[in-house]
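1. Okay, sequence plus prediction incoming.
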Amino acid sequence: MDIVKKFLQQHSISEIECLVPDMTGNARGKFLPTRKFIAEPRARLPESILIQTVTGDWSEEHDQLVDPADRDMVLQPDPSTLRLAPWAKEPTAQLIFDCYDSEGNQHPLSTRSVLRRVLALYEAEGLTPVVAPEVEFYLVQKNLDPDYELKAPIGRSGRYEVARQSYSIDAVNEFDPVIDTLYRYCERQALDVDTLIHESGAGQMEINFKHGDALALADQVFTFKRTLRETALEHDIYATFMAKPMEREPGSSMHIHQSLIDSRTGRNLFAGDNGRFSDRFYHYIGGLQKYVPAAIGFFAPNVNSYRRFVPDIAAPINLQWGLDNRTTGLRVPDSPREATRIENRFAGADANPYLAIALSLACGYLGMKEQLQPSAPAEGSAYGHNSRVEIARTLEEGLRLLAACQPLQEILGERFVRAFIAVKLAEYEAFAKVISSWEREYLLLRV
Ligand SMILES: NC(=O)CC[C@H](N)C(=O)O
């Protein structure tokens, strides 16, 4: 805590944002004046904030998931997450807190606890996962009407973006002032942002993080999402991490590159001694192939997420793996030996980074435990002729598979999985009630 106090003094911080990521991956918490925080560096929040739906409602099971008296949980700061909040008018710091239950254990409903739980399994085996997330997003015009189709903002040239512009430098430069602010803010928060590129959608970009510790990277993605939203607002536009914000544009992903190192020697354990890849590498892929279907609700947690899974625009629709192959759900990038890794392409940008990373590692862990063998690697386009989507088509279908998957429930904790399913099913049911414009268009006079 001394380091924290020193930092607060050094930056003349007057206020601290005490943050807790909720199930969606959004920031909940409290603002504390610095003197109050120094006197008592803890906070309390009701447990129920962890399991609210995106519409701000509770699931039917709510009272069985948390104490019906809606008790507080105790929050303890994680000093490694201390950062400035560079967009704030007053000198403000942000700090992520861990949640504890009344017995002093990591709170089972906190998504940061869930990731810690998975990481502990690796630690017990002397293994350290290394991850590098890539997050796509859209910049869009401000819009207050949910019936109105989203549009890319007008850039410096005064024109809308036209045509597909993957990797276009000029298309990024159209939004130069926004990107400048974004980089400045990332730098001030020590976010390890590696590269920024233009993606193929209009106003769609991707940011890559430098590989590192799984929990630290989840914290960085969580922080980055806040940072980008704040940046966009400052420039009078919106930034969205929706998985499929526009019908005619590609969706946005959160690809997660992952490898394993020996905790003692730092050696990459996916690289083979004789062949190119190790046995562990193959088992890990086997685990992803077997368990991604049941874990899909964590990679695609919103009703909208499933619209992203369409063929031919680099989105994942199958459980195949391949060498440097973007038509497979699991891509193995061409890399030097020490960077041997697997890219799980299933998660959408809308996923909670703590859960997306936890679940990817959990699937790989089970694969290694069960010594699973993967299919042969795909050659050429894995979209095939019929482009069949091999994963769940809806949130409800994904949740059903999760409910039937005992091994994942054991790893994540049964109470957490029950809560996740209840919250997400409540969202699915709320969405299913809405009559869409497609139904009015095609069914009104034809059925
Ligand atoms: N970067 C890419 O390969 C594109 C990914 C694609 N936008 C998706 O939703 O999965």
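-> Perfect, I can see it now. Source: prediction; values computed, not measured.

2. Just list the residues touching the residue of the stretch 101-250 of the chain found nearest the ligand, thanks.
-> Minimum separation of the stretch 101-250 of the chain from the ligand (CB to the nearest ligand atom) falls at Pro250, amounting to 4.4 Å. Every residue, glycine included, has its C-beta placed from N, CA and C. Going by CB atoms under 8 Å, 6 or more residues apart in numbering, Pro250 touches 199-201, 204, 308, 313-315.

3. Mind pulling the model confidence for His385?
-> His385 is assigned a predicted lDDT (pLDDT) of 65.

4. near the ligand, which residues of the stretch 151-300 of the chain show up?
-> Within the stretch 151-300 of the chain, the residues that sit near the ligand (CB under 6 Å from any ligand atom) are 199, 206, 250-253.

5. Restricted to strands, list those.
-> Glu206 (DSSP state E).

6. send the alpha carbons of stretch 390-407 over as PDB?
-> Output of stretch 390-407 as PDB, limited to C-alpha atoms (Å, rounded to 0.1, in the frame of the first residue of the first chain):
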ATOM      1  CA  GLU A 390     -20.700 -25.600 -36.100                       C
ATOM      2  CA  ILE A 391     -21.200 -23.600 -32.900                       C
ATOM      3  CA  ALA A 392     -24.400 -22.500 -31.200                       C
ATOM      4  CA  ARG A 393     -26.600 -20.100 -33.200                       C
ATOM      5  CA  THR A 394     -28.200 -18.400 -30.300                       C
ATOM      6  CA  LEU A 395     -27.300 -17.500 -26.700                       C
ATOM      7  CA  GLU A 396     -30.000 -19.900 -25.400                       C
ATOM      8  CA  GLU A 397     -28.500 -22.800 -27.300                       C
ATOM      9  CA  GLY A 398     -25.000 -22.000 -26.000                       C
ATOM     10  CA  LEU A 399     -26.300 -21.800 -22.400                       C
ATOM     11  CA  ARG A 400     -28.000 -25.200 -22.700                       C
ATOM     12  CA  LEU A 401     -24.600 -26.700 -23.600                       C
ATOM     13  CA  LEU A 402     -23.000 -25.000 -20.700                       C
ATOM     14  CA  ALA A 403     -25.600 -26.300 -18.300                       C
ATOM     15  CA  ALA A 404     -24.800 -29.800 -19.400                       C
ATOM     16  CA  CYS A 405     -21.000 -29.500 -19.100                       C
ATOM     17  CA  GLN A 406     -19.900 -30.700 -15.700                       C
ATOM     18  CA  PRO A 407     -16.100 -30.300 -16.200                       C
END
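
7. What are the buried residues along that stretch?
-> Residues of stretch 390-407 classed as buried: 391-392, 395-396, 398-402, 405, 407 (neighbour count, 16 or more other CB atoms under 10 Å).

8. again with stretch 170-181
-> 171-172, 174-175, 178-179, 181.

9. Can I get those residues in a markdown table including pLDDT?
-> Converted to a markdown table, the buried residues of stretch 170-181 look like this (pLDDT from 0 to 100):
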| residue | pLDDT |
| --- | --- |
| Ala171 | 88 |
| Val172 | 89 |
| Glu174 | 90 |
| Phe175 | 93 |
| Val178 | 95 |
| Ile179 | 95 |
| Thr181 | 97 |
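
10. in the stretch 51-200 of the chain, which spans are strands?
-> Here the stretch 51-200 of the chain has its strands, by DSSP state E, counting those that start in this stretch, at 72-77, 83-84, 92-100, 127-140, 193-198.

11. what residue ranges in the protein score low on pLDDT?
-> 385-386 (pLDDT under 70).

12. would you list every one of the helices in it?
-> 2-10, 34-39, 62-65, 111-124, 169-173, 176-188, 214-234, 279-299, 353-369, 395-403, 406-412, 414-432, 437-443 (DSSP state H).

13. Burial-wise, tell me which of those comes out on top.
-> Among the helices of the chain, the stretch with the highest mean neighbour count (mean count of other CB atoms under 10 Å) is helix 353-369, at a mean of 27.

14. hmm, it touching the ligand?
-> No. Using CB under 6 Å from any ligand atom, helix 353-369 stays clear of the ligand, coming no nearer than 12.9 Å.

15. What helices and strands are in contact with that helix?
-> Here helix 353-369 touches helix 111-124, strand 127-140, helix 214-234, strand 254-262, helix 279-299, helix 406-412, going by 3 or more CB pairs under 8 Å, 6 or more residues apart in numbering; DSSP states H and E.

16. how much distance is there from the last one to the middle of the chain?
-> When you say that, I think you mean helix 406-412. Centre-to-centre, helix 406-412 and its host chain are 20 Å apart (CA atoms, centre = their mean, to the nearest Å).

17. what do you get for the first one?
-> Helix 111-124 has its C-alpha centroid displaced from the chain centroid by 16 Å (CA atoms, centre = their mean).

18. For it, give me every contacting residue.
-> If you take CB under 8 Å, 6+ apart as the criterion, helix 111-124 is touched by 20-23, 25, 50, 96, 98-99, 106-108, 128-129, 214-215, 218, 260, 263, 352, 354-355, 357-358, 361-362, 365, 411-413, 416.
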